[in-house]
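Enquirer: Okay, sequence plus prediction incoming.
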Amino acid sequence: MKLFDAHCHLQDDALFPDLGNVMLRAAAAGVEKIAVCLDFSKPLKKEDEFFQGLEKSEAIYSMIGIHPWFVGCRAGAVTPPESAIMDRGCNWRERFQRLEKLLLDFPMVGIGETGLDFQEKFTNRAEQEASFAAHLDLACELNRPIAVHCVKAWGRLIEILREHPAPRVLLHAFGGAPELIPELIELNCWFSFCGNVTNPNAKRVRASAAAVPAARLLIETDSPDFPPAGCELPNEPANLIHVARAVAELRGVSVEAFAEATFLNAIQVFGAI
Ligand SMILES: [Zn+2]
């Protein structure tokens, strides 16, 4: 059985120092492909060991974008580490100008993560929307997949996707209601589920995971966060099997058939490498 982790962050300090072992455990657990959403927290230089590794790896699909949490200084935000302030804390426009070049210079398959997070603690909605629209336009122009984060912003997300259509939109850690699914499919969306689907109390997520048409379904770990029930932090791609088992059970299919179908769906979204 082979699995495709459609969204995670291997560059995160919680995983990066032990990346070799993280990758070995992923391979041992059947996770053959991993989509990694990079940000600007690591130096993005070709000579950097991490990027040299990416270029050689047949397991990793890398993407890059500006997360909605980091489009601008946020009220109540934890101060990022000193070295990251310039690159992650402020001025998404300056970073965005570097995106297109990075996409072309590095072996990046796609864009993200971008999106909208309208939890009350984030007061920069206009900047988030402008950044999201810019990422979508670039995905359309370059015909690349795009990974999208959406929390409490489904109405605006749909409006912006209509105004800025993109060819392949991956809604990561999908937490929207089942009723939204048909409209989002028309907007070229795929739906990716993570560890929270293993929680029996996550009723809405579980209802959506059961309702998404099989051809639009993906699974992810969103490592290093959101470990499935029974797993510890940091989360890692090897834990993907728990997500696969939970969603397969909800849908009444075998985990083997489910793994194969979601693997092929992910190849459709990201392309073959
Ligand atoms: Zn993420």
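Expert: Happy to help now that I have it.
Enquirer: now the strands for the stretch 151-273 of the chain?
Expert: 168-171, 189-193, 217-219 (DSSP state E, counting those that start in this stretch).
Enquirer: So which residues of this structure form helices?
Expert: Per DSSP state H, the chain carries helices over the ranges 19-28, 49-56, 82-84, 92-105, 125-142, 154-163, 181-186, 203-211, 240-251, 255-270.
Enquirer: Only alpha carbons, please: show the fourth one as CSV.
Expert: Coordinates of each C-alpha in helix 92-105 appear next as CSV, following Å, rounded to 0.1, in the frame of the first residue of the first chain:
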residue,chain,number,x,y,z
TRP,A,92,4.0,40.1,1.9
ARG,A,93,4.3,42.0,-1.3
GLU,A,94,8.1,42.1,-1.2
ARG,A,95,8.2,38.3,-0.6
PHE,A,96,5.6,37.7,-3.3
GLN,A,97,7.8,39.4,-5.9
ARG,A,98,10.4,36.7,-5.2
LEU,A,99,7.9,33.8,-5.5
GLU,A,100,7.7,33.6,-9.2
LYS,A,101,11.5,33.5,-9.6
LEU,A,102,11.7,30.8,-6.8
LEU,A,103,9.0,28.8,-8.6
LEU,A,104,11.0,28.8,-11.8
ASP,A,105,14.5,28.5,-10.2
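Enquirer: what packs against it?
Expert: strand 60-64, strand 108-117, helix 125-142 (3 or more Cβ pairs under 8 Å, 6 or more residues apart in numbering; DSSP states H and E). Where C-beta positions appear, they are placed from N, C-alpha and C, glycine not excepted.
Enquirer: which other residues reach the longest one?
Expert: Counting contacts by Cβ atoms under 8 Å, 6 or more residues apart in numbering, the residues outside helix 125-142 that touch it are 65-66, 68, 71-72, 92, 96, 99-100, 103, 110-112, 114-118, 122, 144-146, 148, 156, 160-161, 163-169.
Enquirer: Mean confidence (pLDDT) on that helix, please.
Expert: For helix 125-142, mean pLDDT rounds to 95.
Enquirer: Please renumber the chain so that the first residue is 808 from this point on.
Expert: Right, with 808 as the first residue, what we last looked at is helix 932-949.
Enquirer: then it to PDB, C-alphas only?
Expert: Output in PDB follows, covering the C-alpha atoms of helix 932-949 (Å, rounded to 0.1, in the frame of the first residue of the first chain):
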ATOM      1  CA  ARG A 932      -8.400  40.500   6.400                       C
ATOM      2  CA  ALA A 933      -7.900  42.900   3.500                       C
ATOM      3  CA  GLU A 934      -4.200  42.000   3.200                       C
ATOM      4  CA  GLN A 935      -5.000  38.300   3.400                       C
ATOM      5  CA  GLU A 936      -7.500  38.700   0.600                       C
ATOM      6  CA  ALA A 937      -5.100  40.700  -1.600                       C
ATOM      7  CA  SER A 938      -2.300  38.100  -1.000                       C
ATOM      8  CA  PHE A 939      -4.700  35.200  -1.700                       C
ATOM      9  CA  ALA A 940      -5.900  36.700  -5.000                       C
ATOM     10  CA  ALA A 941      -2.300  37.400  -6.100                       C
ATOM     11  CA  HIS A 942      -1.300  33.700  -5.400                       C
ATOM     12  CA  LEU A 943      -4.400  32.500  -7.300                       C
ATOM     13  CA  ASP A 944      -3.500  34.700 -10.300                       C
ATOM     14  CA  LEU A 945       0.000  33.300 -10.300                       C
ATOM     15  CA  ALA A 946      -1.200  29.700 -10.100                       C
ATOM     16  CA  CYS A 947      -3.400  30.400 -13.100                       C
ATOM     17  CA  GLU A 948      -0.700  32.100 -15.100                       C
ATOM     18  CA  LEU A 949       1.800  29.300 -14.500                       C
END
